[in-house]
Every structure is written in C-alpha cells, then in structure tokens.
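Asks: Pasting the sequence and the predicted model now:
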Amino acid sequence: MMTIQWFPGHMAKAKREVTEKLKLIDIVFELVDARIPISSRNPLIDEIVANKPRIILLNKADMADPDITKQWVAFFEKQNVLALAIDSQTGTGVKQIVTLTKELLRPKFEKMIAKGIKKPRAMRALIIGIPNVGKSTLINRLAGKHIAKTGDIPGVTKAQQWIKVGKELELLDTPGILWPKFEDEEVGLKLATTGAIKDTILNLQDVAVYALKFLATYYPERLKERYSLVEIPEDIVALFDEIGKKRGCLASGGLIDYDKVAELVLRDIRTEKLGRLSFERP
Ligand SMILES: Nc1nc2c(ncn2[C@@H]2O[C@H](COP(=O)(O)OP(=O)(O)OP(=O)(O)O)[C@@H](O)[C@H]2O)c(=O)[nH]1
C-alpha cells in the first residue's frame, strides 16, 4: 500500500491526468468503499466527471453491513446515479457491471448504428477512485487474469493500454487516482478506521477513540460480545481500560497500554472480528 502525499501540485496533476483519460472513454466506474461511500469519494468527482455516464461501485461490500449497503444503493439511485455493490476480491457483483454498462450505453451505440456504422467499436471504460479502494483488484477481476499489478505506483505515466473485458467492453489499464476529502477531520478518521490510509498519518489512539465511540453507538451488542463487556462504559478511557484488561494490553507496572488497545481494536475492525461494519449511513 502506498502513502501518497497530496500537495496542491499533485492534486492538480491528478485532476489533469484523469481529465485526459476521460476524453478516451464512454463510461466511468467510480469505485468507493462500501463501508464509507461518501468519505471514500473525491470531493470534486462530480465536477471532474461532469457529463460522462457513471456507475458507482460500492467495493469491499463483503466487509460492509449488507442492510446499510442496500440503503446506499437506493440513496444513489434516488439521485439518478446507478450504484452496484461488489466484492472485487471474489468477484461478487462484478459481472453485473458489464450488463449495466451495456444498458446505460445502448442509446449511444444505437445512434452509431443508425448513422451507418455497421460494427461499432467496443465500449470504453475508466476506473476512478482514491488510493487503496481496490482499483487494481477490480481491473484484474474484470480482465479475468492478472494484467494490472496490485499496488502499482500511482501517477507514473505510461502508454495507455486497453484491457478487453469480453467482446464489447474495454478498460483503460491504468485507473484514475484522485484524492479523498482529507481536510475534513471525520473523513480522515473514517479512512483510517477502515485502513484506507496508513496508521502513521493520524494518531492511532484518536482513530480508535473515534471507532469505539461509533461502535458503542451503532453496534453496541457486537462491541460487548467481542470484548466480553457486561455494559459499555460511558467514559472512553474506562472503555479503553476494560478492553485493555480483558485482552492483556498492559505496560510495565500493570498499567494499560493504550496504544496496544488502539492497535488491537483497529486490527479487529479491519479483519472483520466485529463482523461486517458500515461507518457511514445515508
Ligand atoms: N475484502 C475486500 N478486499 C478488497 C476488495 N477489493 C480490494 N481489496 C483489497 O484492498 C487492498 C487495496 O486494493 P488495490 O486493488 O491494491 O487498491 P488500489 O485502489 O489499486 O490502490 P492504489 O494502487 O493505492 O491506488 C488490497 O489489499 C486488496 O486485496 C474487496 O472487494 N473486498
């Protein structure tokens, strides 16, 4: 996983690169994290993509709360944006991307045929998303074999290549990478909780405090069960203490090691020890 420093110059360059790629394609697959579908979007995406047909792909849906994901799909559809829950790692939902794309682009291609083009070219698509959202994994999944390297270095320009997805669809081999809205503190905390940004960027204890408060509010039963709590203490330090005592996160002298507690809780969240969690609701 890469940590990208998004300086204003980098942002301008990323935007320029995506804008260039947009000229080549018919449809955008906007990849977001199903657990945080708003925080994992680029703040300027609507402006940048503007009039291109688009499908929002709620990736890593295997890790998200299925009921909440359904609500998100309905939320986007209410705004006239097609949305689809997928799991790029196993391929769940991925076939539907092609079906939806065909439906969405049919009018455009029927027009081409009406103009006398007998054999229209393949439909062309671009995957766009913030770092670590699963772009390379999805490209590999759509390609059916390992073409794009996962963990590719972002921003390295090379000749544009098309990857065939069946007969009717082609995908640009390099995805569009855009930055998240990380000037917003809560967005940063959500990105860190889900592991989208490196743990060295934010204070680990701050992230765990945020995550635990969220769990206490929205998933109290799972929190109790995981850490064998009879009640969830109101006070966040007391909650850290309880979890630390139960799990043996101790420093010398028998004191609770809060960094260890934070690490443990975040690891548990990211490895689904508390089940499928969504950190954003419509
Ligand atoms: N559980 C789950 N994990 C996924 C899914 N898609 C991708 N991942 C994992 O998420 C991590 C990031 O995936 P990548 O495909 O490298 O993400 P990317 O968007 O190409 O990342 P950058 O190259 O940093 O821009 C990897 O560990 C993947 O295995 C998914 O649908 N479900």
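Replies: Thanks, I have it. Numbers count the residues shown, from 1 in each chain.
Asks: In this structure, where is pLDDT below threshold?
Replies: For the chain, applying pLDDT under 70 flags the ranges 1-4, 145-159.
Asks: elements contacting the top helix by length along it?
Replies: What stands out as the longest helix in the chain, according to DSSP state H, is helix 94-114. Where contact means 3 or more CB pairs under 8 Å, 6 or more residues apart in numbering; DSSP states H and E, helix 94-114 is packed against strand 27-33, strand 54-59, strand 82-85, strand 123-129, helix 135-143. C-beta: built from backbone N, CA, C; applies to glycine.
Asks: closest one to K246 among the ones you listed?
Replies: Comparison of the helices and strands packed on helix 94-114 against K246 by CB to CB identifies strand 27-33 as nearest, at 29.6 Å.
Asks: Can you spell out which helices and strands pack onto that closest one?
Replies: Under the contact rule (3+ CB pairs under 8 Å, 6+ apart), strand 27-33 is packed against helix 45-49, strand 54-59, helix 94-114, strand 123-129, helix 135-143.
Asks: Within the sheet, what are the partner strands of it, with directions?
Replies: Sheet neighbours of strand 27-33, with direction, are listed as strand 54-59 (parallel), strand 123-129 (parallel) (DSSP bridges).
Asks: Rebuild the ones you listed as CSV, extending it with distance to K70 and mean neighbour count.
Replies: Formatted as CSV, those follow (distance: least, CB to CB, whole Å; neighbours: other CB atoms under 10 Å):
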stretch, distance to K70, mean neighbour count
strand 54-59, 10, 25
strand 123-129, 21, 24
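Asks: got the contact list for the closest residue to L204 other than its chain neighbours?
Replies: Once its chain neighbours are removed from consideration, L204 has its nearest residue in A262; the separation is 4.5 Å (CB to CB, 6 or more residues apart in numbering). When the contact criterion is CB atoms under 8 Å, 6 or more residues apart in numbering, the partners of A262 are L204, Q205, V207, A208, F240.
Asks: Is the ligand within reach of the helix or strand hosting A262?
Replies: A262 belongs to helix 258-270 when elements are defined using DSSP states H and E. No. Contact of helix 258-270 with the ligand (CB under 6 Å from any ligand atom) is absent, the minimum separation being 9.7 Å.
Asks: which element is E20 on?
Replies: Applying DSSP H and E as the criterion places E20 in helix 8-22.
Asks: Any buried residues in that helix, and which?
Replies: Residues of helix 8-22 classed as buried under the neighbour-count rule (16 or more other CB atoms under 10 Å) are A14, K15, E17, V18, K21, L22.
Asks: Can you give me the distance of the closest residue to A208 other than its chain neighbours to P107?
Replies: Counting by CB to CB, 6+ apart, A208 lies nearest to A262, which is 3.5 Å off, once chain neighbours are set aside. With distances defined as CB to CB, to the nearest Å, the gap from A262 to P107 amounts to 52 Å.
Asks: For I38, which non-adjacent residue is spatially closest?
Replies: Closest residue in space to I38, ignoring its immediate chain neighbours: E280 at 5.6 Å, by CB to CB, 6+ apart.
Asks: quick one, what contacts that neighbour?
Replies: Contact analysis of E280 by CB under 8 Å, 6+ apart lists R35, I36, P37, I38, S39, I68, K190.
Asks: Touching, the last one and P37? I think so.
Replies: Yep, that's K190 we're talking about. No. With contact defined as CB atoms under 8 Å, K190 does not reach P37; the gap is 10.5 Å.
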